[in-house]
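Asks: Next input, structure requested:
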Amino acid sequence: MSTNVGTGTSVVCSVAPMLSVRNGARAVEFYKAAFGAIEVYRVEDPGGSVVSRLSVDGAEFWLSDESPEHGNFSPESLGGGTARMILTVPDPDAMFAKALAAGARAVVAVEEAYGWRLGRVVDPFGHHWEIGRPLAS
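Replies: Below is the predicted model of the structure:
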């Protein structure tokens, strides 16, 4: 943790993905339904473009509408994503089923492999999510 000299506020180092999507408002609703995300922060411009910070049980990620003029492209524009998210949860089977019910597509069914119970979905915006948990040693 470090302290910002100018404001005196403490800042904890963290890394959170920022997903570029088409139709950010619809994406927020999908992540709420699929993962139980809550929206922590949101800015919306008059044209409807969204920047939002979401939290799934304290694990945060951001999303924004793609803006090619700033070099931010969605997987839909690129023909695929360049990264995938790993969502670690206590019950991957239940979260996987919830994501499918919300509109995700299964890529790999939930199974035990590599010391994990893990499955993979692609969301309606082209982002891949591995949903799992480590197996007990």
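Asks: and the strand or helix carrying Leu63, what does it pack onto?
Replies: In the assignment (DSSP states H and E), Leu63 maps to strand 59-65. For strand 59-65, the elements it packs on are strand 18-21, helix 24-35, strand 50-56, strand 84-88, judged by 3 or more C-beta pairs under 8 Å, 6 or more residues apart in numbering; DSSP states H and E. All C-beta atoms are positioned from the backbone trio N, CA, C, and that covers glycine.
Asks: now what about stretch 85-95, what contacts it?
Replies: 17, 35, 56-57, 59, 61, 110, 117-119, 127-134 (C-beta atoms under 8 Å, 6 or more residues apart in numbering).
Asks: and after whatever helix or strand Met95 lives in, which helix or strand comes next?
Replies: Per DSSP H and E: Met95 is located in helix 92-102. As assigned by DSSP H and E, the chain's next helix or strand after helix 92-102 is strand 105-113.
Asks: Could you list the low-confidence segments of the chain?
Replies: For the chain, the stretches flagged by pLDDT under 70 are 1-7, 137.
Asks: now do 90
Replies: For the chain, the stretches flagged by pLDDT under 90 are 1-15, 82, 136-137.
Asks: residue closest to the middle of it?
Replies: With distances taken as C-alpha atoms, centre = their mean, the residue of the chain nearest its centroid is Phe61 (5.5 Å).
Asks: where does Gly119 land in three-state SS?
Replies: strand (DSSP: H, G, I helix; E, B strand; the rest coil).
Asks: For Lys131, give its distance to Val11.
Replies: You called it Lys, but residue 131 is Ile. 30 Å (C-beta to C-beta, to the nearest Å).
Asks: And those two? Which one has more around it.
Replies: Ile131 (27 against 10; other C-beta atoms under 10 Å).
Asks: pretty sure that one belongs to a strand, no?
Replies: Yes. Counting by three-state DSSP, one finds Ile131 located in a strand.
Asks: Now the buried members of the contacts of stretch 85-95.
Replies: Those of those that meet the buried threshold are 35, 56, 61, 110, 117-119, 127-133, by 16 or more other C-beta atoms under 10 Å.
Asks: Looking at these, which one is closest to Gly80?
Replies: Distance ranking of the buried ones among the contacts of stretch 85-95 against Gly80, using C-beta to C-beta, places His128 first at 8.9 Å.
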